[in-house]
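S.K.: Quick one, structure for this:
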Amino acid sequence: MNAKGTRSTDYTFLTTWRVAGTTDDVAELLSDPAGLPRWWPSVYLAAEVLHRGQENGVGRMARLHAKGWLPYALRWTLTVTEPITNKGFAIRATGDLDGTGRWTFEQDGPESVITYDWRVTATKPLLKRLSWLLKPGFSANHRWAMARGQESLALELRRRRAGTDAHTVPAPPPPTFPRWAGRGRRTGQAG
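M.R.: Numbering: from 1, shown residues only. As a prediction, this is how the structure comes out:
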């Protein structure tokens, strides 16, 4: 532990995005884990819905296979812990990452301001062993992944607004290191 009482494997990230679209659309996209590999393919390689949860989203659970720019992947389970609204929601992460995330949405004219507060501990053996040395690189990898998320979300919202002209909107960026992309690329749903 350092002087602040945190371990080298503890990570805290605060990300803010601004995209054209409504907070209703943002909430719908970000709260649907099965859709992540479709519109955010540079990071989410696969998603398997394990439980649909209550009508308000609480208890929704999905197993995710994700990666950033660096050539390692993370497998973790997302569980929605607070009702999903157009103001935001909270999640719990378990697996290679253990902690909490909170999405907050605010409408600002034609745009949505999205804030993500992500507080996790790395439990994947590679990250646990090397965090003391490579924490800045792992943190940069997270920032890269979130930048792709903002870009991909903006494109998905444009596709939705384009309707029948959705084919004119560019595709989201693909994963880096294509050999990783083929592993576990499945989506599914379970009750």
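S.K.: which of the residues in stretch 6-26 are buried?
M.R.: Judged by neighbour count using 16 or more other Cβ atoms under 10 Å, the buried positions of stretch 6-26 are S8, T9, D10, Y11, T15, W17, V19, G21, T22, T23, D25, V26. C-betas here are computed from N, CA, C, even on glycine.
S.K.: Start and end of it, how far apart?
M.R.: 32 Å (Cα to Cα, to the nearest Å).
S.K.: helices and strands of this structure: which one bottoms out on pLDDT?
M.R.: The helix or strand with the lowest mean pLDDT-type score in the chain, counting by mean pLDDT, DSSP states H and E, is strand 187-188 (a mean of 43).
S.K.: follow-up on the earlier one: of the buried residues of stretch 6-26, which belong to helices?
M.R.: T23, D25, V26 (DSSP state H).
S.K.: just those residues now: which is nearest H167?
M.R.: When these are ranked by distance to H167 (Cβ to Cβ), D25 comes first, at 19.4 Å.
S.K.: Tell me the spacing between the closest residue to that closest one other than its chain neighbours and A46.
M.R.: Counting by Cβ to Cβ, 6 or more residues apart in numbering, D25 lies nearest to L157, which is 6.0 Å off, once chain neighbours are set aside. Taking Cβ to Cβ, to the nearest Å as the criterion, L157 is separated from A46 by 23 Å.
S.K.: Okay, now the unreliable bits of the chain?
M.R.: Segments of the chain classed as low confidence (criterion: pLDDT under 70) are 1-5, 177-191.
S.K.: helices or strands up against the longest helix seen in it?
M.R.: Of all segments of type helix in the chain, defined using DSSP H, the longest is helix 125-162. The elements that helix 125-162 packs onto, with contact taken as 3 or more Cβ pairs under 8 Å, 6 or more residues apart in numbering; DSSP states H and E, are strand 10-20, helix 23-30, helix 36-39, strand 111-122.
S.K.: hang on, the earlier thing: out of the buried residues of stretch 6-26, which two sit at the greatest distance?
M.R.: In those, the most distant members under the criterion Cβ to Cβ are S8 and T22, with 40.0 Å between them.
S.K.: Looking at the helices and strands packed on helix 125-162, which is nearest to G57?
M.R.: Checked against Cβ to Cβ, the stretch from those lying closest is helix 23-30, at 9.2 Å.
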